[in-house]
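# Just to be clear, the model below is a prediction. Sequence and coordinates:
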Amino acid sequence: MSAPAVARTLPSWARWVAPIGTGVIGLALWVLYVDVLQAAPLMLPSPIAIGEELVLRWDIIWEDMLITASNALIGLAAGSLIAVMFAAIAATFRPVDGMLAPIVAALAVIPIVAITPILNTMFGASSQFGRQAVAGLTAFIPVFVNVLRGLHQTTPVHRDLFRSIGATGEQTFRKLTFPTALPYLTTGLRIASSLAVISALVAEYCGGPADGIGTAIASYAKSGHAALAWAYVVGGILIGLAFFLVTAALEWWATRRAPA
Amino acid sequence: MTVTTPAVRADAVGKVFPTKTGEVTALTDVQLDVAPGEFVSLIGPSGCGKSTLLRLIADLDAPTSGTLEIFGKPAAKARHDQDYGIAFQQAGLLPWRTVGENIGLPLEIHGKDKRQRADRVAELAELVGLTDFVDSHPDQLSGGMQQRVAIARSLAEQPRLLLMDEPFGALDEMTREYLQSELTRIAAETHAAVVFVTHSIPEAVFLSDRVVVMSPRPGRITEIVDVGLPDERDEQLREAPEYYDGVTAVREALHGTTTARPNER
């Protein structure tokens, strides 16, 4: 009876070892393909070469990582803040909800990265603002949608309770509506954080100042420095990972007491 | 003899809900006085307006006709003055708050300082037997314990009137009987009047001084049964003949006929 159940749930060590093993096998095949068989195209260097570049040029990679990461972070923070404010207004005033919904739906459909060249030209080639604006616009949508939904999640029994104890509107918002929406906010932030990093990075392909991870990847790829370009890609992955881990931890913290 | 202000006075109270297909009369011509310290149950089938009546008393909805006074004041004023505490079928606890913080919520809303709150919360936790769980979160508690937290919260402001909307409706029979005994004890200790909505006949009889029997379409009071049991309610009472007499009287009032059922306990 219990045998299939045992077979289906992996022992705890296997849950760690399995993905690490898969990664090691993947790297081994990669080394085999590039270094041993020497069959790879020019732009696919060996992981060892990428690792070497990463260590050797860590200083300049780190500098560019900071540029891209700070653009993503500023965009994420500003976009989320505006999204929370708009969602609060939309949740309070029904007509505003009706006015904003189609605009947000339209915004969600445009590939926002596509307007980057326009923004870069608008704000000048030496300004990071265009990139931050793109990251902010991208982050806005998931945060707005999730927070708006979260602000509508209070249950009738909770609303009756707050009315019965004579709570003011402001007290009800602070002690009921907002805490109820908090897990939705953190879910929105988790989704927005990855999007903000991707858009801040991709925005760099469309001009602006000559710094950041995206700019570096583009220029080293064009000039044939394959291993260095890939080392920058690793830098981009690290930024995305850091953003994801922080926001996922935030989400875990906020949902641990959420109603079942 | 002094004339005391009733805890609840409903005079010709009616409630009509507008719906897409026309108006629905949820309650009509409700005439009811509840004395201070009295335990009154509202019983009847679904749609008889018992919960609606409770919501009107709590000023969660407004009546469309008639007048409703709580301790001689309009219902809205009584709500703002915190003259009543209320408990619902769902405990309605805030999952991100501890048991103690849930019990103290009304005190927090009314700006009581931390010390006062802590003292009162400790008192209330003891009253409902949850002293050891003050720092637990609701998801660590059983349904019956959650409901006890809700009752403690409803008593936070020492109300003279307790409104309860099927608070034990979702609990198993054993927990239910245990909490009924607890509630009679708490009601006696606090001297609060109680208006208790239920659809369980034994529950209504065990708890109440009077049982208000209601019927639907349109929702109205059809009979008020004086239970006439002693103030002291304990487990032995559940086996007593007077208790069965009360159950029979309420059942007959609900069915509207005198039925002879020799084989039924």
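That came through fine.
# Next, the contact list for whatever residue of the stretch 1-150 of chain A ends up closest to chain B, please.
Relative to chain B, the nearest point of the stretch 1-150 of chain A is A:G150 (13.2 Å; CB to the nearest CB). The C-beta positions use only the backbone N, C-alpha and C, and glycine is treated the same way. If you count contacts by CB atoms under 8 Å, 6 or more residues apart in numbering or on different chains, A:G150 has them with A:T180, A:A181, A:L182, A:P183, A:Y184, A:L185.
# Okay, and which of those map to helices?
Among these, the residues falling in helices (DSSP state H) are A:T180, A:A181, A:L182, A:P183, A:Y184, A:L185.
# Give me every residue in the stretch 1-150 of chain B lying close to chain A.
Within reach of chain A by CB under 8 Å from any CB of the partner chain, the stretch 1-150 of chain B has these residues: B:55, B:58-60, B:79-80, B:82, B:84, B:86, B:88, B:90, B:92, B:94-96, B:105-106, B:108-110, B:137, B:139.
# hey, where'd the helices end up in the stretch 151-260 of chain A?
A:156-164, A:169-172, A:178-203, A:213-222, A:226-255 (DSSP state H, counting those that start in this stretch).
# can you tell me if the shortest one touches chain B.
Going back to what we said before, that points to helix A:169-172. Yes - residues of helix A:169-172 contacting chain B under CB under 8 Å from any CB: A:Q171.
# swap in the third one?
Yes - if you take CB under 8 Å from any CB as the test, helix A:178-203 does meet chain B, through A:P179, A:L182.
# which parts of the stretch 101-250 of chain A sit against chain B?
Going by CB under 8 Å from any CB, the residues of the stretch 101-250 of chain A near chain B are A:155, A:157-158, A:160-167, A:171, A:175-176, A:179, A:182.
# so B:R210 bridges to which residues?
On the basis of DSSP bridges, B:R210 is bridged to B:V40, B:D226.
# show me what contacts B:E203?
B:S41, B:F168, B:R176, B:Q180.
# of the residues you listed, closest to A:G240?
B:F168 (51.8 Å; CB to CB).
# Can I get stretch B:138-150 in CSV, CA atoms only?
Extracted in CSV, the C-alpha atoms of stretch B:138-150 (Å, rounded to 0.1, in the frame of the first residue of the first chain):
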residue,chain,number,x,y,z
PRO,B,138,-5.3,31.0,15.1
ASP,B,139,-4.1,28.4,12.6
GLN,B,140,-2.6,26.4,15.5
LEU,B,141,-6.0,26.2,17.2
SER,B,142,-9.0,23.8,16.8
GLY,B,143,-12.3,25.1,15.6
GLY,B,144,-13.7,25.1,19.1
MET,B,145,-10.8,27.0,20.5
GLN,B,146,-11.0,29.6,17.7
GLN,B,147,-14.6,30.1,18.6
ARG,B,148,-13.7,30.6,22.2
VAL,B,149,-11.2,33.3,21.1
ALA,B,150,-14.0,35.0,19.2
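# before we move on, the earlier item: so which two of the contacts of B:E203 are the farthest from each other?
It's B:S41 and B:R176 that sit farthest apart of those, by CB to CB, at 14.2 Å.
# Same drill for those two, tell me which one is more crowded.
Taking other CB atoms under 10 Å in any protein chain shown, B:S41 and B:R176 do not tie; B:S41 has more neighbours (27 against 18).
# Hmm, that one is touching B:V212, no?
Yes - the pair B:S41 / B:V212 is scored as a contact, 6.7 Å apart, by CB atoms under 8 Å.
# which intervals of chain A have sub-threshold pLDDT?
A:1-8, A:257-260 (pLDDT under 70).
# how about 80 then?
Chain A contains residues with pLDDT under 80 at A:1-11, A:39-40, A:42, A:98, A:101, A:107-114, A:124-125, A:207, A:257-260.
# Which residue would you name as the spatial centre of it?
A:S194 (1.2 Å; CA atoms, centre = their mean).
# State the distance from that one to A:T247.
Relative to A:T247, A:S194 is positioned 8 Å away (CB to CB, to the nearest Å).
# cool, B:R55 as well?
42 Å.
# Could you list the low-confidence segments of the stretch 1-150 of chain B?
Ranges of the stretch 1-150 of chain B meeting pLDDT under 80: B:1-4.
# burial count for A:L27?
For A:L27, the neighbour count with other CB under 10 Å is 13.
# Ok, the one 3 residues further on next?
Counted by other CB under 10 Å, the residues lying close to A:W30 total 17.
# Pull out the buried positions in the strand or helix carrying B:L56.
Following DSSP states H and E, one finds B:L56 within helix B:50-57. Within helix B:50-57, the residues scored as buried using 16 or more other CB atoms under 10 Å in any protein chain shown are B:K50, B:S51, B:T52, B:L53, B:L54, B:R55, B:L56, B:I57.
# same check, this time on stretch A:243-260
Buried, per 16+ other CB under 10 Å, within stretch A:243-260: A:F243, A:T247, A:A248, A:L250, A:E251, A:A254, A:R257.
# hang on, the earlier thing: just the angle between the helix or strand encompassing the residue of the stretch 1-150 of chain A closest to chain B and helix A:178-203, please?
Using DSSP H and E, A:G150 maps to helix A:129-151. Put simply, helix A:129-151 runs at 150 degrees to helix A:178-203, going by axes from the mean of the first three to the mean of the last three CA atoms, to 10 degrees.
# List the residues that contact B:A62.
Counted by CB under 8 Å, 6+ apart, B:A62 has contacts B:L56, B:A75.
# Got the phi and psi for it?
When read as degrees, to the nearest 10, the backbone of B:A62 gives phi -110, psi 140.
# Buried residues, whatever helix or strand B:L68 lives in. List them.
If you go by DSSP H and E, B:L68 is part of strand B:65-70. By neighbour count with 16+ other CB under 10 Å, strand B:65-70 contains the buried residues B:G66, B:L68, B:E69, B:I70.
# now the residues you listed in TSV, with distance to A:A105?
Shown next, in TSV, are the buried residues of strand B:65-70 (distance: CB to CB, whole Å):
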residue	distance to A:A105
B:G66	47
B:L68	46
B:E69	51
B:I70	48
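# quick check, B:G37 in a strand?
No - assigned with DSSP: H, G, I helix; E, B strand; the rest coil, B:G37 falls outside any strand and is coil.
# My guess is it contacts B:L162. True?
No - look at B:G37 against B:L162 with CB under 8 Å: they stay out of range, at 10.7 Å.
# Which of the two has more residues huddled nearby?
A direct count of neighbours by other CB under 10 Å for B:G37 and B:L162 places B:L162 higher, at 24 against 18.
# Show me which helix runs longest in the chain.
You didn't pick a chain, so chain A it is. Max-length helix for chain A by DSSP H is helix A:58-92.
# Please refer instead to chain B.
Max-length helix for chain B by DSSP H is helix B:173-190.
# and the chain, what are its domains?
Assuming you mean chain A. Per automatic domain parsing, the domain ranges recorded for chain A read A:1-40, A:45-255.
# actually chain B
Using automatic domain parsing, chain B is parsed into the domains B:8-83+B:161-255, B:94-158.
# Of all these, which one comes closest to A:G79?
domain B:94-158 (26.0 Å).
# what about that closest one, how long is it end to end?
Domain B:94-158 has an end-to-end distance of 21 Å (CA to CA, to the nearest Å).
# How about the contacts made by the nearest residue to A:T255 once chain neighbours are set aside?
Distances taken as CB to CB, 6 or more residues apart in numbering or on different chains place A:P183 nearest to A:T255, at 4.4 Å, with adjacent residues excluded. A:P183 is in contact with A:G150, A:E251, A:A254, A:T255, A:A258, counting by CB under 8 Å, 6+ apart.
# can you tell me which two in those are farthest apart?
A:G150 and A:E251 (12.2 Å).
# Deepest in the core, which of the helices of the stretch 151-260 of chain A is it.
Greatest average neighbour count among the helices of the stretch 151-260 of chain A goes to helix A:178-203 (a mean of 24), per mean count of other CB atoms under 10 Å in any protein chain shown.
# What pairs with the helix or strand where B:M164 lies, parallel or antiparallel?
For B:M164, the enclosing helix or strand under DSSP H and E is strand B:161-165. According to DSSP bridges, strand B:161-165 forms sheet pairs with strand B:84-87 (parallel), strand B:193-198 (parallel).
# Many thanks, I have nothing further to ask.
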